[in-house]
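Colleague: okay, here's the prediction I keep looking at, along with the sequence it came from:
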Amino acid sequence: MAIQAEKNVVGIEYEVKEAGTTEVVDSNKGGKALEFIMGKGQIIPGLEKALVGMGEGESSDIHVKAEDAYGERKDEAMQTLPKDQFAGVDLVEGMTLYGQGEDGQSTQVIVKSFDDKEVTIDFNHPLAGKDLMFSVKVLTVRQTTMEELTSGAVGGPASGESCGTGCGCH
């Protein structure tokens, strides 16, 4: 079965590198397949679009431009906050912190710099502004169930599983 733009549950094995480099930034090779529902925005758009038409057992190297991955870097995503908001945190430049955004979703920030009074953090995704190269193998393709279409989750809402943490999954 070839992957359709919507209504398929797809399981992939992948490895992703920043385009033009050899350093792997994420991979599930040798682990559990990344499963997601096509058309639900559960993986980055450029990868989802490139998978359409592929079938089980097919492999491909897929170049995804920054704008179709995590977007371009945004200067307005940098914020300087009073250091007292980070009380109890042993700050280190480059460290990743996790918190809750205004919308209630968990959010990740990178500490860019700090001094005695202020901390500058970056809300951009670490791969924002970067083209990515995926090596992908399609492991499974099947029709979604009515429950999966309704819930938007592989296995339906009772499964308690997400599609994973890699390649832009929500």
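Modeller: Right, received. Where do you want to start?
Colleague: packing partners of the helix or strand bottoming out on mean pLDDT in the chain?
Modeller: Each helix and strand of the chain was given a mean pLDDT (mean pLDDT, DSSP states H and E); the minimum falls on strand 96-100 at a mean of 85. Counting contacts by 3 or more CB pairs under 8 Å, 6 or more residues apart in numbering; DSSP states H and E, strand 96-100 is packed against strand 106-114. The C-beta positions use only the backbone N, C-alpha and C, and glycine is treated the same way.
Colleague: not counting the strand it packs on itself, show me its contacts.
Modeller: With CB atoms under 8 Å, 6 or more residues apart in numbering as the test, strand 106-114 has contacts from 78, 83, 86, 91-101, 119-126.
Colleague: buried set for that strand?
Modeller: Judged by neighbour count (16 or more other CB atoms under 10 Å), strand 106-114 contains these buried residues: 109-111, 114.
Colleague: can you list the buried residues in the next helix-or-strand element following it?
Modeller: Moving toward the C-terminus from strand 106-114, the next helix or strand (DSSP states H and E) is strand 118-122. Neighbour-count burial for strand 118-122 flags 119, 121-122 (criterion: 16+ other CB under 10 Å).
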